[in-house]
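Chemist: with the input below, show me the fold.
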Amino acid sequence: MKKLIGQERGHRCVPRRAIDPGRPLQLTEMARATVPGPGTARRCRLLVVDGRCGHAETMSDGPAAEAGERKRHALQLFSGLPRHYDRVGAALSFGQDPRWRRAMVAAVRAGSRDRVLDVATGTGMVADALVRRYGCTVVGLDQSEAMLGRARARVQADDLLRPRVSLVVGEAERLPFADGEFDHLTFTYLLRYVDDPAATVCELARVVRPGGRIASLEFGVPSAPLWRALWKAYARVGLPALGRLVSREWRDTGTFLSRSIPDFYAHRSLADLAALWERAGIADVDVRPMSLGAGVVMWGTRVDERTPTA
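Modeler: Below you'll find the predicted structure:
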């Protein structure tokens, strides 16, 4: 028996009991772990170690407390986009972004009584689509107050959305929810903005009940040489140039995406991402490249971590 304790930052997380790295992790144990020290005790979050969601690390007390450079840049980037986000995003993707979002929402297969968490909800497009397709309730979470402001305006202006959508400020890496609190979860264009994608997927999976569906949308890079070359040309030249026609913020966003998307896939393949989901306790993972690979929709089913594995 070996204790898995968080030591990366000099903290010592104390699980309620020792964790055997050879058995399936009980997520609740680690979520309730605390760190002794000055001030109030802090919760621990999960990291992936040796292919399991099993290591602990202290959580910050607030979204901005330990924001890394990547997160600060994302907040700055999105602060000037909400006003035209929906229309410009659709235009710069040649109408494909709304199609990709519809495919992700269709993969959730929620019921009318289900409660869905939409992480990185932005201006609320996916939350809106979930309610209209399934009649479910949705909690939309985003770290950007500016984007949530646009989402609130959308919700308040719509009689269907108002009683079914609630919006909260928060970070995907530190969700302010209990284990298994939601029936399903969606997230859009998220993992390029976090420092530790594996730990973030673990945290997302933690709040979904066993049997619940998890679905995501991310940009992709076409695999066919000809289409990849055309995609690179558009990303490097077309996106910043077209964005400049809208505003300085959209020009900067286009420049950022031309680097961010290929950088993300330079370190991992779609198969790597699927494996990452599986290590987080998500089974039956499907990957659907769309629009020649420029968009990628993934979905899977949360498994019960208490079920012994073979």
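
Chemist: which regions of the chain sit below the pLDDT cut-off?
Modeler: 1-67, 80, 83, 305-310 (pLDDT under 70).

Chemist: longest helix in it, please.
Modeler: The longest helix of the chain (DSSP state H) is helix 248-266.

Chemist: chain center to it: distance?
Modeler: Between the centre of helix 248-266 and the centre of its chain there are 18 Å (CA atoms, centre = their mean, to the nearest Å).

Chemist: show me what contacts the nearest residue to Phe182 once chain neighbours are set aside?
Modeler: Spatial nearest neighbour of Phe182, chain neighbours left out: Leu117 (4.3 Å); criterion: CB to CB, 6 or more residues apart in numbering. (Glycine included, C-beta is placed from N, CA and C.) Residues counted as contacts of Leu117 (CB atoms under 8 Å, 6 or more residues apart in numbering) are 138-139, 141, 175, 177, 181-182, 184-186, 207-208.

Chemist: top of those by neighbour count?
Modeler: Neighbour counts for these (other CB atoms under 10 Å) peak at Thr186, which has 30 neighbours.

Chemist: which SSE is it in?
Modeler: Element membership for Thr186 (DSSP states H and E) is strand 184-188.

Chemist: quick one: contacts of that strand?
Modeler: Taking CB under 8 Å, 6+ apart as the rule, strand 184-188 contacts 101, 104-105, 108, 110, 114, 116-122, 126, 130, 172, 204-205, 207-208, 212-218.

Chemist: got a list of what Asp183 touches?
Modeler: Applying CB under 8 Å, 6+ apart, the residues contacting Asp183 are 110-111, 114-116, 136, 208-209, 212.

Chemist: ok, 7 Å please
Modeler: 110, 114-116, 209, 212 (CB atoms under 7 Å, 6 or more residues apart in numbering).

Chemist: got the phi/psi numbers for it?
Modeler: The phi/psi pair for Asp183 (degrees, to the nearest 10) reads phi -80, psi -40.

Chemist: measure it to Phe219 for me?
Modeler: Computed as CB to CB, to the nearest Å, the Asp183 to Phe219 distance reads 27 Å.

Chemist: and Asp118, helix, strand or coil?
Modeler: strand (DSSP: H, G, I helix; E, B strand; the rest coil).

Chemist: then Tyr85?
Modeler: helix.

Chemist: ok, the nearest residue to it once chain neighbours are set aside to Arg87 distance?
Modeler: Leaving out its chain neighbours, the residue that sits closest to Tyr85 by CB to CB, 6+ apart is Thr123, at 5.1 Å. Distance of Thr123 to Arg87, given as CB to CB: 10 Å.

Chemist: among those two, which residue is more densely surrounded?
Modeler: Using other CB under 10 Å as the criterion, Thr123 and Arg87 rank with Thr123 on top: 27 against 10.

Chemist: helix, strand or coil for the more buried one?
Modeler: Going by three-state DSSP: Thr123 is coil.

Chemist: ok, now which ones touch it?
Modeler: Contacts of Thr123 (CB under 7 Å, 6+ apart): 82, 85-86, 147, 150-151, 154.

Chemist: could you rerun that using 6 Å?
Modeler: 82, 85-86, 147, 150-151 (CB atoms under 6 Å, 6 or more residues apart in numbering).

Chemist: now these in JSON lines, with distance to Trp231?
Modeler: JSON lines is the format used below for the contacts of Thr123 (distance: CB to CB, whole Å):
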{"residue": "Pro82", "distance to Trp231": "26"}
{"residue": "Tyr85", "distance to Trp231": "22"}
{"residue": "Asp86", "distance to Trp231": "23"}
{"residue": "Met147", "distance to Trp231": "26"}
{"residue": "Arg150", "distance to Trp231": "28"}
{"residue": "Ala151", "distance to Trp231": "30"}
